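>>> Model the following, please.
(2 chains)
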Number of protein chains: 2
Amino acid sequence: MDNTLDRDQLYDETLGDLLELLEDKQYFRARDLLLKFNPADIADLLEDISDDAGLRMTVVLFRLLPKDVSVDVFAELSPEDQMDIVSEVTEKETSFIVNELDFDDKIDILEEMPANLVTRILEKTPASERKQINTFLNYPDNTAGSLMTPEYVSVKKDWTVKESLEHIRNFGTDAETIYTCYVRDGSWRLTGVVSLSTIVLSDEDTKILDIMHTDVVSENVDADQEEVSDDFKKYGYIAMPVVDKDDRLVGIITVDDILDVMEDEATEDIERMNGVIDFEDAKKGYMDLTVWQHAKNRLPWLLILSVVYILTGIIINHNDNMLSSAIQLVTYIPLLMGTGGNCGSQAASLVIRGLATDEVETEDWTKVLWKELRVGLLLGVILSVVNFARVFLLDRESMTMALTVCGAMLLITVIAKVIGSMTPLIVKKVRVDPALVANPAITSISDAAALLVYFALAAAVLQM
Amino acid sequence: MDNTLDRDQLYDETLGDLLELLEDKQYFRARDLLLKFNPADIADLLEDISDDAGLRMTVVLFRLLPKDVSVDVFAELSPEDQMDIVSEVTEKETSFIVNELDFDDKIDILEEMPANLVTRILEKTPASERKQINTFLNYPDNTAGSLMTPEYVSVKKDWTVKESLEHIRNFGTDAETIYTCYVRDGSWRLTGVVSLSTIVLSDEDTKILDIMHTDVVSENVDADQEEVSDDFKKYGYIAMPVVDKDDRLVGIITVDDILDVMEDEATEDIERMNGVIDFEDAKKGYMDLTVWQHAKNRLPWLLILSVVYILTGIIINHNDNMLSSAIQLVTYIPLLMGTGGNCGSQAASLVIRGLATDEVETEDWTKVLWKELRVGLLLGVILSVVNFARVFLLDRESMTMALTVCGAMLLITVIAKVIGSMTPLIVKKVRVDPALVANPAITSISDAAALLVYFALAAAVLQM
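Down below sits the predicted model:
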């Protein structure tokens, strides 16, 4: 009995039942069915109901949820669905939900909302919190500041375990996590860290001073989210403190938000490697971007390529006499260009990923070059032999023609591996994201190189 | 003052100082300097020392570390460096380290070790744990079973908060996390879950029964690690219980191990999308794979392409009369093929990533198709205009030639967007990983389509 399949099956059956109940206008029974699930699943079900039965049905069900559940469900919805719901419920309901959200979720949703609605919601917020919200709204996207929450637990170093537990019990309910407690001095400088597990596992009369760690790893509020997630991976913590430029504790980042960061960063790398640049709406998915936004993200590389391919045009024009008199040479242009492009992007993607995961460093370039030279030679020999069979035996071309194609294949494989592996390292050295120059650039450079090698070899071997 | 830069700078300075101390044979002073850092940083420093001053220096320093620190440092090293150290220290030292490791780290290192060494280490392990280790060693790679640890805390539902805290204090030190406590019945069936924060924040006399959640999300021991990491993302938990086919609790998975899984899964997707298949050693990085292993992972797609490009050869051969009499047609083959390939891989990468993050589903294919048709048309028009200028004004070709190239450009852009976006959806529908058929396949299909369109249009327009 497969647990996961069970859960998927249960989900599909429930969705079917819900849609039937809604069609029969049995809204309360539908709500009771929903309430058997946890907030993340309810959010998924509501999103699917919106797709299948329309937004209005989702809004009806959402409004029937108990208030505390509705806040948790709202936090689990995608930004687009959150905005859809906000547009349908009253301002009072919106205000209630937004003010009940965890602080970091609150900031995220306020960033998505129209400015006039934000102003009206903030009017109902206490002045002290309003000031804090405005500060948080100003941290640039993708920095530690934009990920953090001020809802953490801090203790003092001369407290005992018993006093600390009491403090946590009284003030911990509002915190994002109580598992890591930060020890600060009078001017909010971070002086240590102690985990709840250490506190719980220690004797009641032990002082925090004696069980806290002083080698605290913290993030600067301006640090890039990629650095932050690297540190989470490296140290294995479930929360990390964030400090301002004067080393004062301003918030914490919890590991659940880092899972999303890692997914976003991987998506960004994959898109960039394939010639798609996120100019805006980096967090919006494929479905949520408009046709214009998609076109805008994809146009730059296509235009650059149109210009770069003027070079291949020149190479071909330069050799058009040879091509006219030996038109069968053209037959193998796609094969050689395609193989060159692929060899290049294989090597490039491996090196770019190695750089992203800190496994490869720019200083390693001689090791990478030596490895790729040998890999390229090995693959080139195999591909040459296979294609010799094709050209000579299958296409029944002359021996010189077959040797030309295979010689070019061998050289192109090695050259493409070198171009593909070295370009990311050079680009990284000049402090540009290597993913930005991946496939389109590597492919077009490899294409031009492939043509040059092929025609030079053909001219020499065919003696034209 | 940038916190992160400071830390990097401190690291580099420390590494320099360590290398100097080692050169002067000041081993104890080097050790004391090392001990100012936390285990993750010490592991990094030791790895860099091994690169710069040789493995022997790393082993010397490692042996000088206090025993408890050496175990933590060992757990942070890469599998390769762990094996290097194991090969240099005595079997007694190895045995000590391995037996002190957390259970899941122990399994990881035993999987890497030579079989005879494993046998000798297991001889010194108590029989009950030996049996458990052997069971864990048998869970297939990349399943929930291979990620889990049996070191968790379980409580009973009729216990009070006070009793539970006492139990956690007594038995929690060996657990991977005490933040999530699992409630089980007499036959180890999972009946509920309660977080340490709920326990700590509740009154001492409250019964677990009254504060536990019964809608526990659990993973089957055979579940793929990708499903597990999706659930962590969805539910935001810091630990997840693992059950066997009879719903009995067999272990837990903690979020820190999921960060590594997410990185590995993203790497696998990126590699597959670029025509690199991980046949083996999926967890080994670029640098650790041998030339043979690299070649083995890259060869299949290159060979398949050699075969697929027979098709483009046939298309060209079929049109060689036309090409001979209008050799300038050849000039634009690389441009059109390159643009087609890129348009296709842009669309494919976006759809594949959308499928991986569950944002796009196969049922959405009409929406995707409609979007790509419009994006393709928009991009096609822009690229046609730009390239018309190039062909007509820069290359000074005839108006018919310019129109042929631009008409082909428009059609190819649209067709490539459709091929690139639909292929992953079709492949996913037949339950194959869409990443496996990404760039190489999309590029070669787009190439062939580009040639067909171009020649058909040329034949029609140039009336040959």
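>>> Which residues are in contact with the closest residue to residue A:411 other than its chain neighbours?
Leaving aside its chain neighbours, residue A:411 sits nearest to residue A:453 (4.9 Å; criterion: C-beta to C-beta, 6 or more residues apart in numbering or on different chains). The C-beta positions use only the backbone N, C-alpha and C, and glycine is treated the same way. Neighbour list for residue A:453: A:408, A:411, A:412, A:415 [criterion: C-beta atoms under 8 Å, 6 or more residues apart in numbering or on different chains].
>>> Closest one of those to chain B?
The shortest approach to chain B among the contacts of residue A:453 belongs to residue A:412, at 11.3 Å (C-beta to the nearest C-beta).
>>> How much space separates the residue most central in space within chain A from residue B:232?
Among the residues of chain A, the one closest to the centroid is residue A:264, at 1.8 Å (C-alpha atoms, centre = their mean). The span separating residue A:264 from residue B:232 equals 15 Å under the rule C-beta to C-beta, to the nearest Å.
>>> returning to what we had before: surely the residue nearest to residue A:411 forms part of a helix?
Yes: applying DSSP: H, G, I helix; E, B strand; the rest coil, one finds residue A:453 inside a helix.
>>> Quick check: residue A:194 is in a strand.
Yes: per three-state DSSP, residue A:194 lies within a strand segment.
>>> which of the contacts of residue A:453 has the most neighbours?
residue A:412 (30 neighbours; other C-beta atoms under 10 Å in any protein chain shown).
>>> Quick one: low-confidence residue ranges for the stretch 1-150 of chain A.
Applying pLDDT under 70 to the stretch 1-150 of chain A flags residues A:1-6.
>>> and if we set it to 80?
A:1-8, A:79, A:99, A:104, A:111-132, A:134-138 (pLDDT under 80).
>>> Convert whichever strand or helix holds the residue nearest to the centre of chain A to PDB, retaining C-alpha atoms only.
Assigned by DSSP states H and E, residue A:264 belongs to helix A:255-273. The C-alpha coordinates for helix A:255-273 follow below in PDB (Å, rounded to 0.1, in the frame of the first residue of the first chain):
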ATOM      1  CA  VAL A 255      14.700  27.500   7.100                       C
ATOM      2  CA  ASP A 256      11.200  27.000   5.600                       C
ATOM      3  CA  ASP A 257      11.700  30.300   3.600                       C
ATOM      4  CA  ILE A 258      15.100  29.000   2.400                       C
ATOM      5  CA  LEU A 259      13.400  26.000   0.700                       C
ATOM      6  CA  ASP A 260      11.600  28.500  -1.500                       C
ATOM      7  CA  VAL A 261      14.700  30.600  -2.100                       C
ATOM      8  CA  MET A 262      16.600  27.500  -3.200                       C
ATOM      9  CA  GLU A 263      13.800  26.600  -5.700                       C
ATOM     10  CA  ASP A 264      13.700  30.200  -7.000                       C
ATOM     11  CA  GLU A 265      17.500  30.300  -7.400                       C
ATOM     12  CA  ALA A 266      17.500  27.000  -9.300                       C
ATOM     13  CA  THR A 267      14.700  28.200 -11.500                       C
ATOM     14  CA  GLU A 268      16.600  31.400 -12.300                       C
ATOM     15  CA  ASP A 269      19.800  29.500 -13.100                       C
ATOM     16  CA  ILE A 270      17.900  27.100 -15.400                       C
ATOM     17  CA  GLU A 271      16.100  29.900 -17.200                       C
ATOM     18  CA  ARG A 272      19.300  32.000 -17.600                       C
ATOM     19  CA  MET A 273      21.200  28.900 -18.900                       C
END
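>>> which helices and strands sit right next to that helix?
helix A:144-147, helix A:225-235, helix A:333-356, helix B:225-235, helix B:255-273, helix B:333-356 (3 or more C-beta pairs under 8 Å, 6 or more residues apart in numbering or on different chains; DSSP states H and E).
>>> and the fourth one, what's its mean pLDDT?
The reference is to helix B:225-235. Per-residue pLDDT over helix B:225-235 has a mean of 89.
>>> any idea of the angle it forms with helix B:333-356?
Orientation of helix B:225-235 against helix B:333-356 (axes from the mean of the first three to the mean of the last three C-alpha atoms, to 10 degrees) gives an angle of 60 degrees.
>>> now for helix B:225-235, which elements pack on it?
helix A:39-53, helix A:255-273, helix B:144-147, strand B:219-220, strand B:239-243, helix B:255-273.
>>> For that helix, which residues meet the burial criterion?
For helix B:225-235, a neighbour-count test (16 or more other C-beta atoms under 10 Å in any protein chain shown) marks B:225, B:226, B:227, B:228, B:229, B:230, B:231, B:232, B:233, B:234 as buried.
>>> again, but for the fifth one
Within helix B:255-273, the residues that count as buried by 16+ other C-beta under 10 Å are B:255-259, B:261-273.
>>> quick one, phi psi at residue A:181?
Taking degrees, to the nearest 10, you get phi -110, psi 140 for the backbone angles of residue A:181.
>>> By residue count, what's the longest helix in chain A?
In chain A, taking DSSP state H as the definition, the longest helix is helix A:399-429.
>>> Helix A:333-356 and that helix, what's the angle between them?
Going by the same axes, to 10 degrees, helix A:399-429 makes 30 degrees with helix A:333-356.
>>> And the helices in the stretch 51-200 of chain A?
Using DSSP state H, counting those that start in this stretch, the helices found in the stretch 51-200 of chain A span residues A:55-64, A:67-76, A:79-88, A:91-100, A:103-112, A:115-123, A:127-137, A:144-147, A:161-171, A:196-201.
>>> Out of those, which gets nearest to residue B:434?
helix A:79-88 (23.6 Å; C-beta to C-beta).
>>> where does the stretch 51-200 of chain A come near chain B, residue by residue?
A:165, A:168, A:169, A:172, A:173, A:177, A:178, A:179, A:196, A:197, A:200 (C-beta under 8 Å from any C-beta of the partner chain).
>>> buried subset of those residues?
If we count by 16+ other C-beta under 10 Å, these have these buried: A:165, A:168, A:172, A:177, A:178, A:179, A:196, A:197, A:200.
>>> now these in TSV, with distance to residue B:117 and pLDDT?
What follows is these, written out as TSV (distance: C-beta to C-beta, whole Å; pLDDT from 0 to 100):
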residue	distance to residue B:117	pLDDT
A:165	45	87
A:168	45	86
A:172	47	75
A:177	40	78
A:178	43	78
A:179	37	83
A:196	38	86
A:197	33	83
A:200	38	83
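>>> circling back: will you turn the buried residues of helix B:225-235 into CSV that also has distance to residue A:432?
Below are those laid out as CSV (distance: C-beta to C-beta, whole Å):
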residue, distance to residue A:432
B:225, 33
B:226, 31
B:227, 36
B:228, 35
B:229, 30
B:230, 32
B:231, 36
B:232, 33
B:233, 30
B:234, 35
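>>> show me where pLDDT drops low in the stretch 151-300 of chain A?
Using pLDDT under 80, the stretch 151-300 of chain A drops low at A:171-178, A:186, A:278-284.
>>> Go again with 50.
Within the stretch 151-300 of chain A, no stretch falls below the threshold (pLDDT under 50).
>>> per-domain residue ranges of chain A.
Here the domain parsing of chain A from automatic domain parsing is A:3-142, A:153-254, A:291-461.
>>> for these, which one ends up most surrounded?
Mean neighbours per residue, mean count of other C-beta atoms under 10 Å in any protein chain shown, is largest over the domains of chain A for domain A:291-461, with a mean of 21.
>>> which one of the helices and strands packed on helix A:255-273 lies closest to residue B:37?
So among the helices and strands packed on helix A:255-273, helix A:225-235 is nearest, using C-beta to C-beta, at 11.5 Å.
>>> wait, doesn't residue A:334 sit right on residue B:311?
No: in terms of C-beta atoms under 8 Å, residue A:334 does not count as a neighbour of residue B:311; the distance is 9.2 Å.
>>> ok, residue A:232 touching residue A:240?
Yes: Residue A:232 is within contact range of residue A:240, at 6.6 Å (criterion: C-beta under 8 Å).
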